[in-house]
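Chemist: Show me the folded form of this:
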Amino acid sequence: METENEMMKKFMILLMVLAIGVALYEQTSADKNVYVMVIAIVIFMMGMMKLSSKTPSKNQDKEKDDV
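Modeler: Okay, the predicted model is just below:
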């Protein structure tokens, strides 16, 4: 059974893939809608921030030593 964090991570990845798909589809269409593209990019960037916030910094050890 998956934990809630794993399910949320999969949901965020799916949402990001859908947002990029919509942005790419909108880019190739003849009648481009800028608002749809901006919203898709914002969703993608927010998803990246949420997923990368769990990644530890490579300077984390140095910060602990400085304290």
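Chemist: Skipping adjacent residues, who's closest to residue 15 in space?
Modeler: residue 47 (6.0 Å; C-beta to C-beta, 6 or more residues apart in numbering). Heads up, the C-betas are built off the backbone N, CA and C, glycines and all.
Chemist: Please point out which parts of the top helix by length along the chain sit buried.
Modeler: Assignment by DSSP state H gives helix 4-28 as the longest helix of the chain. By neighbour count on 16 or more other C-beta atoms under 10 Å, the buried set for helix 4-28 is 12, 16, 19, 22, 23, 26.
Chemist: and the second one, how far is that from residue 30?
Modeler: Spelled out, that is residue 16. The spacing between residue 16 and residue 30, counted by C-beta to C-beta, to the nearest Å, is 26 Å.
Chemist: Likewise for residue 4?
Modeler: In terms of C-beta to C-beta, residue 4 sits 43 Å off from residue 30.
Chemist: Kindly report the same for residue 3.
Modeler: Distance, residue 3 to residue 30, by C-beta to C-beta: 45 Å.
Chemist: more neighbours, these two?
Modeler: residue 3 (8 against 4; other C-beta atoms under 10 Å).
Chemist: For the more buried one, give me phi and psi.
Modeler: phi -80, psi 170 (degrees, to the nearest 10).
Chemist: Likewise for residue 58?
Modeler: Torsion angles, degrees, to the nearest 10, at residue 58: phi -80, psi -10.
Chemist: before we move on, back to that, closest one of the buried residues of helix 4-28 to residue 43?
Modeler: residue 19 (4.1 Å; C-beta to C-beta).
Chemist: hang on, the closest one packs against residue 43?
Modeler: Yes - here residue 19 reaches residue 43: they are 4.1 Å apart, a contact under C-beta atoms under 8 Å.
Chemist: Name all residues that make contact with residue 43.
Modeler: Neighbouring residues of residue 43 by C-beta atoms under 8 Å, 6 or more residues apart in numbering: 15, 16, 19.
Chemist: Could you tell me which ranges of the chain sit under the pLDDT cut-off?
Modeler: 1, 60-67 (pLDDT under 70).
Chemist: let's see it at 80
Modeler: 1-2, 54-67 (pLDDT under 80).
Chemist: sorry, back to before: mind putting the contacts of residue 43 in a markdown table, distance to residue 8 included?
Modeler: Output for the contacts of residue 43, formatted as a markdown table (distance: C-beta to C-beta, whole Å):
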| residue | distance to residue 8 |
| --- | --- |
| 15 | 10 |
| 16 | 12 |
| 19 | 16 |
